[in-house]
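> Quick one: sequence plus predicted model below, questions after.
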Amino acid sequence: MKTIYLDSSNLEYWQNRSTSNVMALGFFDGLHKGHKQVIQTAGELAKEKKVSFSVMSFFPHPKTVLSNDNADFDYLMPLSKKASILEYLGVDTFYIVKFDKDFLSLLPKQFVTSYLLDLGVVHAVAGFDFSYGYRGKGNIDRLKSDSANQIDVTKVGKVDLYGKKMSSTWIRELIAAGEVGQLANILGRFYETEGYWDGESFQLAPYYMLPAAGYYKVSVKRKGKIRETEVFIPASRNGIYLTDNMKRTFPLNERLDIIWSHKIGDVGLGTMSHKFGYVPVTN
């Protein structure tokens, strides 16, 4: 898979090198089941049409550009992790568009012309709530007309669970509440983060979201080997601490993965003899 970072300075270069393709459009943070339905639909259409299969995403998140204070945003995965999953799903080209004020100011038809038609898109696939162009005035229902009927369009309807729309926002809400046990039903896999051991605790790599304070059942994956353990996140949220004697097994600053199974208790103050002065309050 080829990963291409697009902005106004190199757009023409990649336009001149594009070939006919079916493109899935969306931010796709977390790549949950709803996202995968959009992407897999695009992949099936690309096979039918015998053209290339592409995905277009955007970075940073639009909310960071639209907010006046440039507030931090809770990403669910870095671009590198997103790229590895997309490659596994059979994507040929992954476009990452720089979302800045210049891109934000594009009129809907300008976006469709420059970022879809001129990149060889013959069929676009997106979720029912996908929007584009200045103030988000463009939407999937008008994309075909914005392309002067040169691009066919497939709109993927809402994918829900328990009557609620699957979304990255819902995932962030669950992580913020510590409800990581519910994520497998939305993601199609356990929530997984990358990090490293600093000698006292695990520290997350950038662009991952730290769950709420509490005790968790997790699996730590290092060099292909997986070991189940329990960790806790204190109220200070300054790291992910082990509750057993596994510390000696982790070299300093070595990359590893933490797979979050479920929350087993809240963090409470108590007199229990514990290095950090916390005891679990069982849910």
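In hand now; what should we look at?
> hey, let's count contacts and neighbours off CA atoms from now on
OK.
> Now do the end-to-end distance for stretch 241-254.
Stretch 241-254 stretches 16 Å from its first residue to its last (Cα to Cα, to the nearest Å).
> what's the answer for stretch 103-121, then?
End to end - Cα to Cα - stretch 103-121 spans 19 Å.
> and if you look at stretch 80-95?
End-to-end distance (Cα to Cα), stretch 80-95: 12 Å.
> which residues are contacting that stretch?
With contacts defined as Cα atoms under 8 Å, 6 or more residues apart in numbering, stretch 80-95 is touched by 1-6, 29-31, 40, 43, 52-57.
> which residues in the stretch 101-250 of the chain form strands?
Ranges of strands in the stretch 101-250 of the chain, per DSSP state E, counting those that start in this stretch, are 121-127, 131-132, 138-139, 152-156, 160-161, 164-165, 191-197, 202-204, 214-222, 225-233, 241-242.
> Dump those strands to a markdown table, plus mean pLDDT.
Shown next, in a markdown table, are those (pLDDT from 0 to 100):
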| stretch | mean pLDDT |
| --- | --- |
| strand 121-127 | 98 |
| strand 131-132 | 94 |
| strand 138-139 | 94 |
| strand 152-156 | 97 |
| strand 160-161 | 90 |
| strand 164-165 | 91 |
| strand 191-197 | 96 |
| strand 202-204 | 96 |
| strand 214-222 | 96 |
| strand 225-233 | 94 |
| strand 241-242 | 94 |
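> which one of the ones you listed lies closest to Gly178?
strand 214-222 (7.3 Å; Cα to Cα).
> so where's the stretch 51-200 of the chain uncertain?
67-71 (pLDDT under 70).
> change it to 80
Counting by pLDDT under 80, the ranges of the stretch 51-200 of the chain that qualify are 65-72.
> which stretches of the stretch 1-150 of the chain form helices?
Assigned by DSSP state H, counting those that start in this stretch, the helices in the stretch 1-150 of the chain fall at 11-15, 33-49, 62-66, 79-88, 101-104, 108-111, 143-146.
> Kindly reformat these as CSV containing distance to Met23 and mean neighbour count.
Below are those laid out as CSV (distance: least, Cα to Cα, whole Å; neighbours: other Cα atoms under 10 Å):
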stretch, distance to Met23, mean neighbour count
helix 11-15, 14, 15
helix 33-49, 6, 20
helix 62-66, 20, 15
helix 79-88, 13, 15
helix 101-104, 19, 14
helix 108-111, 14, 20
helix 143-146, 13, 18
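> so which of those helices comes closest to Ala176?
helix 62-66 (18.0 Å).
> Pull out the CA atoms of the closest one and give them to me as CSV.
Written as CSV, here are the backbone C-alpha positions of helix 62-66 (Å, rounded to 0.1, in the frame of the first residue of the first chain):
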residue,chain,number,x,y,z
PRO,A,62,-11.2,19.2,11.9
LYS,A,63,-12.2,20.1,15.4
THR,A,64,-8.6,21.2,16.2
VAL,A,65,-8.6,23.6,13.3
LEU,A,66,-12.1,24.9,13.9
